[in-house]
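Enquirer: Make a model of this:
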Amino acid sequence: MNLIAQLRDALGEAAVRTGPDIPARNRTDAAAEVVVEPLALVLPRSTAEVAAVLALCHAAGQPVVPQGGMTGLVDASRPVPGEIAISLERMSGVEEVDPVSGTITALAGTLLEVIQKAAEAAGMMIGIDLGARGSCTVGGNVATNAGGNFRPALWHDPRQCQGTRGGAGRWPRGAVEREDDQEQHRL
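Expert: Numbering: from 1, shown residues only. The predicted model follows:
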């Protein structure tokens, strides 16, 4: 069975797109200087699905590129020929707002603006703001240490961000760091 078939078997037909079914936004980044059709676009819904995709790609020697809000300007999310794009856009949502501990639990593909509104509704404030708040995702904010208008180096300060596994940062050898890793970020 070829890799695309294995990915579809693992995630379902709708979660693996090829050819003309890959949207234009997943063929470049915000700079739009180079447009490349990835071999496939994979849309996992959980850390377990990300791990399954990465394990299959690693076993096949298949390069991948992670994609989030696609707001970057440095080609980090733009595919190169032959890569499989892994989009975290379906890993979205605020799971918990805890004003007592001052934390918000959100999935890696959640828009910064959604998290800001959830914080505001609970009488809290997220310590960053970006012009791309309506399109950038928390996974990308954490992975790139985006500080925006308030605080640089926010995400890598252990007092500010906990649990950055499951979508942000590096994806080693097709597996999450531990089996119990979750697809969330505590802010």
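
Enquirer: In a strand, residue 85, correct?
Expert: Yes - Residue 85 sits within a strand when classified using DSSP: H, G, I helix; E, B strand; the rest coil.

Enquirer: residues touching the closest residue to it other than its chain neighbours, list them.
Expert: Distances taken as Cβ to Cβ, 6 or more residues apart in numbering place residue 38 nearest to residue 85, at 4.2 Å, with adjacent residues excluded. Just so you know, the C-beta spots here come from the backbone N, C-alpha and C atoms, and that holds for glycine as well. Applying Cβ atoms under 8 Å, 6 or more residues apart in numbering to residue 38 gives the contacts 22, 26-27, 65, 79, 83-85.

Enquirer: could you redo the last one with a cut-off of 7 Å?
Expert: Residue 38 sits next to 22, 26, 79, 83-85 when contact means Cβ atoms under 7 Å, 6 or more residues apart in numbering.

Enquirer: Where does residue 52 fall, secondary structure wise?
Expert: Assigned by DSSP states H and E, residue 52 belongs to helix 47-60.

Enquirer: Can you give the distance from that helix to the centre of its chain?
Expert: Offset of helix 47-60 from its chain centre (Cα atoms, centre = their mean, to the nearest Å): 15 Å.
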